[in-house]
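Trainee: task: produce atomic coordinates for the following.
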Amino acid sequence: MNTNSELVKKLSTPEFRGAFVASQINIGVPFQIRALRKERHWTQPELAERAGMKQSRISAMEKPGGPKLNIETLCRLASAFDVGLEVRFVPFGELIDHNDGFNPDSFSVKSFGAELAEAEAPNQRVVRGTQHSESIAIYLGHIDLMATATAGYNPDESARVKSNAPMFPMLATSEIGRQYQ
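Mentor: Residues are numbered from 1 along each chain as shown. From the prediction side, this is the model:
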C-alpha cells in the first residue's frame, strides 16, 4: 500500500473507509457480473435463465449502485457462471490493491469445467508445488463435504464424516477452527 497516495489520506476517516468499502461492493460487483456475462458471450436473458431470475433483475444488478445484492443472489450467479464465490474481510491495503488493479475489460474467471480441462491437459502447470489436478481433487473433497452438509445430509449415515478427522482440515489448524472442535 502506498501510504503517500491521495486515497490512503482520504481513508484516514472512518466515514470515508465505510463509503469506500460500500463502493467496492456497489460498483465492483456489478462490473464483475457484466464482465463475466460478456466473457461468456451471453445475453442478459441467457444469464437470467441460467440463474433462475428475470432479465430485468440481471439488468438492474449490472448497473453500479443498483439493487443491494445478498449472498443468496450472489451464490445463484456464481452457480450460473460455474465459478466460486469468496466473501471475506480483508485489510484496507489489500482492498486498495484490488481496486487499483481491477479492470472490468480484462476481468476473467474460468468456469469449473474450463479450469478442470486446463488442469487435465497433458502439460499441467505446477502451482505451489502441486499439480492443478491434485489441488482440484482436494478442493472438490472439501466442496463435496460442504455441499452434502448443507443439502440436508445426515452425517450419521457416512463413515467418512464419522471419522475423527476434522471435516475442514484447514480450519482445524487455525485458531478459530480449534475453538469449534
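Trainee: how about the helices in this structure?
Mentor: For the chain, the helices defined by DSSP state H cover 6-10, 14-26, 28-39, 44-51, 55-61, 71-81, 92-101, 112-119, 132-150, 159-162, 169-172, 175-179.
Trainee: would you mind listing the buried residues in the fourth one?
Mentor: Burial within helix 44-51, assessed by neighbour count using 16 or more other Cβ atoms under 10 Å, is assigned to 44, 47-48, 50-51. All C-beta spots, glycine's among them, are computed from the backbone N, C-alpha and C.
Trainee: out of those residues, who's nearest D97?
Mentor: L47 (28.9 Å; Cβ to Cβ).
Trainee: confidence score at the nearest residue to A35 once chain neighbours are set aside?
Mentor: Nearest non-adjacent residue to A35, counting by Cβ to Cβ, 6 or more residues apart in numbering: F107, 4.1 Å away. On the pLDDT scale, F107 is placed at 88.
Trainee: just checking, F107 touches I33?
Mentor: No - in this structure, F107 is not within contact of I33 by Cβ atoms under 8 Å, at 10.2 Å.
Trainee: who's more crowded, these two?
Mentor: Legend: neighbour count by other Cβ atoms under 10 Å for F107 and I33, higher for I33 (23 against 15).
Trainee: what's the spacing between that one and I96?
Mentor: Distance of I33 to I96, computed by Cβ to Cβ, to the nearest Å: 22 Å.
Trainee: circling back to that earlier point, out of the buried residues of helix 44-51, which is nearest to V90?
Mentor: Nearest member of the buried residues of helix 44-51 to V90, counting by Cβ to Cβ, is A51, at 26.4 Å.
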